[in-house]
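Trainee: fold the following, please.
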Amino acid sequence: MGHRLAIMLAAGLICCFSSVATAAVINVVGGYNFTGVNSFDVLELTAGGNVTDDSSASIYVSETFTVYAGSSITLGDSISNITSFGAIHLTAGNSISLAERDAMHVLSARAPQGVSLTAGGNVSISPGGNVMGSRINITSPDGIHNNGVISSGGGLSLDIFINPGPAPWV
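Mentor: Residues are numbered from 1 along each chain as shown. Next up, the predicted model:
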């Protein structure tokens, strides 16, 4: 049987810890900072402030990674970060900046000031999924598969860097 982790923190605290669990629900009134190695099958994090990671953090979520942040979500922004998620569902009061070293599967990413998604593989937006913000930037070396909705009130940037190798049908 797997482990379930549930954490609630008082007002004004910024939480930071390493953890390994099957499923976790974390609720913090302030911000949340990932440190060390964090491994989950399912993670749901609700924070009243920013959700960040320090420069040495590793975050592995094999199934669903859900984050609700009252301010901004900034994860995977350091070259030493290792981030790998199953499906992501992100909502922030300000902005989202997420970098993943592998392919990215987006259920939703919504932030009024903008969404920036960078993947090491392809980016797939699920049927019924959505990416919404005043500015949207999606970067992928392998392509963007949009089966949902991308909606931008100001600017849209899709950066796709295709490997110049032979076509798959050759």
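
Trainee: okay, now the unreliable bits of the chain?
Mentor: Where the chain drops to pLDDT under 70, the residues are 1-21, 159-170.

Trainee: kindly list the longest strand within it.
Mentor: Using DSSP state E, we find that the single longest strand of the chain is strand 123-140.

Trainee: beta partners of residue 123?
Mentor: Under DSSP bridges, the beta-bridge partners of residue 123 are residue 104, residue 144.

Trainee: name the SS class of the residue nearest in space to the middle of the chain, please.
Mentor: Central residue check for the chain by C-alpha atoms, centre = their mean: the C-alpha nearest the mean position is that of residue 98, 4.9 Å away. Under DSSP: H, G, I helix; E, B strand; the rest coil, the three-state class of residue 98 is strand.

Trainee: didn't it look like it was pressed against residue 92?
Mentor: No - using C-beta atoms under 8 Å, residue 98 is not in contact with residue 92, being 10.1 Å away. Backbone N, C-alpha and C define where each C-beta goes, glycine included.

Trainee: find residues that contact each of the two.
Mentor: Shared contacts of residue 98 and residue 92 (C-beta atoms under 8 Å, 6 or more residues apart in numbering): residue 73.

Trainee: chain center to the helix or strand residue 65 falls within, what's the gap?
Mentor: Assigned by DSSP states H and E, residue 65 belongs to strand 58-69. Centre-to-centre, strand 58-69 and its host chain are 7 Å apart (C-alpha atoms, centre = their mean, to the nearest Å).

Trainee: so what touches the helix or strand that it is followed by?
Mentor: Beyond strand 58-69 on the C-terminal side, the first helix or strand identified by DSSP H and E is strand 73-75. Here strand 73-75 makes contact (C-beta under 8 Å, 6+ apart) with 34, 50-53, 59, 67, 81, 83, 90, 92, 95-99, 111.
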